[in-house]
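Engineer: Fold the following, please.
(2 chains)
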Amino acid sequence: MRHPVSSPGPVNAPRPIRVQVDGMGRPGAVDRPRTKEVRRNWLNGFGWWWDKPLRRRYYEVITVTGRHVVVFREVLTDRWYSQGG
Amino acid sequence: MRRRSQQRGPLIVCVHIPRFQLRVATGGSQDLLGRALAIAPAAGGAMAIGEVTASAQAQGVRAGMALGEALGHCRDLELIPGDPIKVARAWEQAARALEGIGAQLELARPGLGYFDAEGLEGIHRGRDGVIAAAGEALASRPRIGAGPTRFCAVAAALQARNRRARAIDGRNARRFLAGQPVGTLRYRPETEQLVCPLERFGVETLGALVKLGAADVADRFGEPGTLARNLALGQDTPLQTRRVEDRLEESMDLGEANSGQLLARTLGVLVDRLLARPERRGRTIRALVLSARLVERGTWCEEVVLREAICDAKRILLALTAPLGQLPAPATTLGLAVVEFGHCTGDQTSLLDGERRAREERRRKAVAQVQALGGANAVLRALIVAPDSPQPEHRSLLTPWVG
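Structural biologist: Got it, this is the predicted structure:
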C-alpha cells in the first residue's frame, strides 16, 4: 500500500508495522493478512563504529490479499517496520 | 543617578553582561565562581583563548591570549569548548527582550548592546524608568551604564555594580572619562589593539591619552589613535541600530552525510526550505548565518553577507559553498538562518530566450497558486541527497518547490 506523501522529509521513511512471525522468525502475517510468500530476505548491516549501528533484516513479502510489501526487523531492538512499496 | 530626570541631551544606555559567552557555554553563572576557566580556542582558528573567569584573570590570563601563554600563567586553567550557536541564540533572546521595551538596539557583540533612551522616556516615565525597564527585561543581571555617548555609557557600565546602574551627566562626561583606564578602549573593535602599546608607554588613563595631543597620537597610532582620543574627549559616532526582523531558521541532522558533496546537497535542501517559508513574504536575502553542531563537543557558525540581496537558490548555494568548506570538523547538524532581508523581488524579464522564460514563468505562477491554496508544502520535489546511503530513508528528501 502506497501512503500519500504530503510533507517535507525523507522519502521511504520506515513506518512501524505489526508483524506476526512464524517458527523460523520470518513474517507470518503483516498487518493481519497472512503471508503467502516470502520472496527473498537480506541483511543490511552498516556502521559498526556508530553508537547505534545499522542492522536490519529485510523481507520482501506477498500477502494472501496480493499485497506486495517490504518489511524489516531492527535486529538490535526487535521491532518491525515497513519501507517503500 | 541623582536628578537624572532633569538632565537634557542624548542619553545612550549600555547593557553589559560580563563574560556572556562563558556563562552560556557553562550553562549558568554559578559554575564560574572560583574556577579558572577559559573558552578553548576555536577549531581551525588562531590558538587564542576566549573569555576567561575572574579567577583566571587574577592569575594573569586574559581573553585573546595565546593558549601556551595562558597555560604558562595558570597551570590549572580549564578549557571549555565555545558554543557560538547557543551564544547567538541567547543573545538574540536578550536583544528581543530589550526590543520589547521599545529600545532600538546596536549590538556590539554578545553581551554588549546600546540604545538611545530618547523617545522611551514617555513610555517608562523618565530616564530612570527606561534604565529600570532595561534591567528588568533581562533574566541575567546586566550591568547598566548611561552617558551622552556610547563610549561613555560602556565606561559607566564597567563601573556599575549588579542591580545598580551608573549614569553620567553630559557635563561630567569628560571628567569621568579622564579617570577611566585605557583598557576601556578594548570595548571598541577599532581601538582594541591600542590598549597594549598604550600601557607599555605608561599611558594608563584616558586622561593621560588626551594630554598627549592630537597630532602626536595621530602620528604614532594613526586613525585608531585619533578615534581613541576623540572617544576619551567624549565624542563618538551615532548609534547604528539594527532593524527588527523575523529570523528564519532551518536545520537538519546529517547522519552519515556529513562531508563533501552530500553536505552540499543537504545545504541545498536548507536553502530550499528557507526560500519556501511563507514568512519570507517575497523578500530577497541579504545575509545568512551558516551553523553546525560538531561531532566533537562544540558548535561552529559563520555569517555570510551576499554581494547583493537575492532569492535565487543556486546563487545563494554558491555563496555558501566556500564557508561550508571551512567547517573545522565533521558535523552532526547543519543549520541556516536568515539574519537580514533585502527588498522584495521585482519582475526582471529576460531580453533573450523569451519562450523558455515564459514557460518557466507559467510554471512558477502555477506552483505559486497551488502553494497559495495548500501552503508552502503543497508542491514538493524529491532531492537526491545521499544516493549510496545504506539507509534507504537517507537517500532522498522531499523539499518545498521553490519557483
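
Engineer: Return the set of buried residues in the strand or helix carrying residue B:315.
Structural biologist: Residue B:315 is part of helix B:313-325 when elements are defined by DSSP states H and E. Across helix B:313-325, burial judged by 16 or more other Cβ atoms under 10 Å in any protein chain shown covers B:313, B:316-317, B:319-320, B:323-324. Backbone N, C-alpha and C define where each C-beta goes, glycine included.

Engineer: Out of those, flag the one nearest to chain A.
Structural biologist: residue B:313 (14.8 Å; Cβ to the nearest Cβ).

Engineer: Assess the claim that that closest one and residue B:274 are in contact.
Structural biologist: No: contact criterion Cβ atoms under 8 Å: residue B:313 and residue B:274 do not qualify, at 9.0 Å.

Engineer: Report how many residues lie close to residue B:60.
Structural biologist: 12 (other Cβ atoms under 10 Å in any protein chain shown).

Engineer: Check whether the strand of greatest length in chain A comes near chain B.
Structural biologist: Secondary structure assigned by DSSP state E gives strand A:35-46 as the longest strand of chain A. Yes: using Cβ under 8 Å from any Cβ of the partner chain, strand A:35-46 reaches chain B at A:44, A:46.

Engineer: For the very next helix or strand once past that strand, output the C-alpha coordinates as CSV.
Structural biologist: Downstream of strand A:35-46, the first helix or strand assigned by DSSP H and E is strand A:54-63. What follows is strand A:54-63 as a C-alpha-only set of coordinates in CSV (Å, rounded to 0.1, in the frame of the first residue of the first chain):
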residue,chain,number,x,y,z
LEU,A,54,22.5,-0.2,11.3
ARG,A,55,21.4,-3.9,11.4
ARG,A,56,18.2,-4.7,9.6
ARG,A,57,16.9,-8.0,8.2
TYR,A,58,14.7,-7.2,5.2
TYR,A,59,11.9,-9.4,3.8
GLU,A,60,10.1,-9.0,0.6
VAL,A,61,6.6,-10.4,1.3
ILE,A,62,3.5,-11.1,-0.7
THR,A,63,0.3,-11.5,1.4
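
Engineer: pretty sure residue B:334 is touching residue B:266, no?
Structural biologist: Yes: using Cβ under 8 Å, residue B:334 is in contact with residue B:266, at 5.7 Å.

Engineer: who touches both of those two?
Structural biologist: Contact criterion Cβ atoms under 8 Å, 6 or more residues apart in numbering or on different chains; residues bridging residue B:334 and residue B:266 by contacting each: B:252, B:254.

Engineer: Test for you: state the pLDDT assigned to residue B:162.
Structural biologist: Per-residue confidence for residue B:162 comes out at a pLDDT of 67.

Engineer: So which helix or strand of chain A has the lowest pLDDT on average?
Structural biologist: Every helix and strand of chain A was ranked by mean pLDDT, DSSP states H and E. The lowest is strand A:9-10, at a mean of 84.

Engineer: beta partners of the closest residue to chain A within the stretch 101-250 of chain B?
Structural biologist: Per Cβ to the nearest Cβ, residue B:250 is where the stretch 101-250 of chain B lies closest to chain A, at 10.1 Å. When assigned by DSSP bridges, residue B:250 has beta-bridge partners residue B:336.

Engineer: can you pull the contacts of it?
Structural biologist: Contacts of residue B:250 by Cβ under 8 Å, 6+ apart are B:270, B:273-274, B:277, B:335-337.

Engineer: One more: residue B:25?
Structural biologist: Counting by Cβ under 8 Å, 6+ apart, the residues that residue B:25 touches are B:39, B:80-83, B:86-87.

Engineer: if we go to 7 Å?
Structural biologist: Contact analysis of residue B:25 by Cβ atoms under 7 Å, 6 or more residues apart in numbering or on different chains lists B:39, B:80, B:82-83.

Engineer: rewinding a little: sort out which one of the buried residues of helix B:313-325 lies nearest residue B:217 for me.
Structural biologist: Residue B:217 lies nearest to residue B:323 out of the buried residues of helix B:313-325, by Cβ to Cβ, at 37.8 Å.
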